[in-house]
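> Following is a predicted model, sequence given first.
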Amino acid sequence: MSSNIKVQRICLYCEEEFTARTTKTKYCSHKCNSRHYKAKTKNIKIDNSNKETINKVLFPIEQLKAKEFLTVKDVATLLNSSTRTVYRLIEQGEIKAVNIAERKTLVKRTDLDSLFT
Ligand SMILES: [Zn+2]
């Protein structure tokens, strides 16, 4: 048995008024429904991406702790010093580093611990 109720509702997506057959209808059309759904999923993706960026900006140390091999820039961040200082420490043999390519120096994170022991 189909109901004959008619309710005026506002579409969640286009915000146009429409006549719905149930009080639960949220959209004026299937188009608006799927468009709103798409927009929502897109927003979630953007949200997650933003969160990731915030994490990288606010908790760089936490991110670096998870890495086994660090770049000179990473080491500088961890040691709260400049890359110049890090290069000097490497030259002085204070930090063990591997030059895997030109301008690509890697430091094993655990090797940094020996700096402080
Ligand atoms: Zn609509």
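Alright, I've got the coordinates. Numbering: from 1, shown residues only.
> For this protein, which residues are neighbours of the ion?
The chain comes close to the ion at residues 11, 13-14, 28, 32, as judged by Cβ under 5 Å from the ion. Every C-beta, even on glycine, is put in place using the N, C-alpha and C of the backbone.
> got TSV for these, with distance to L78 too?
Listed next are these as TSV, based on distance: Cβ to Cβ, whole Å:
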residue	distance to L78
C11	52
Y13	47
C14	51
C28	55
C32	50
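> of those, buried ones?
Neighbour counting by 16 or more other Cβ atoms under 10 Å classes 11, 13, 28, 32 among those as buried.
> In strands, which of those fall?
In strands, judged by DSSP state E, none of these are found.
> what about T105, distance to T19?
For T105, the distance to T19 equals 68 Å [Cβ to Cβ, to the nearest Å].
> between these two, which one's more packed in?
Ranked by neighbour count (other Cβ atoms under 10 Å), T105 and T19 place T105 first, with 20 against 10.
> Pull out the buried positions in the helix or strand containing that one.
Secondary structure assignment for T105, by DSSP states H and E: strand 104-108. Buried residues in strand 104-108, defined by neighbour count with 16+ other Cβ under 10 Å: 105-107.
> Over to stretch 87-94?
By neighbour count with 16+ other Cβ under 10 Å, stretch 87-94 contains the buried residues 87, 89-90.
> how near is L70 to T105?
Here L70 is placed at a distance of 9 Å from T105 (Cβ to Cβ).
> And for H30?
Distance, H30 to T105, using Cβ to Cβ: 57 Å.
> Check Q92 too.
As for Q92, its distance to T105 is 14 Å (criterion: Cβ to Cβ).
> Can you spell out which helices and strands pack onto the lengthiest helix in the chain?
When the chain is scanned for its longest helix (criterion: DSSP state H), the result is helix 30-58. Helices and strands touching helix 30-58, by 3 or more Cβ pairs under 8 Å, 6 or more residues apart in numbering; DSSP states H and E, are helix 60-65.
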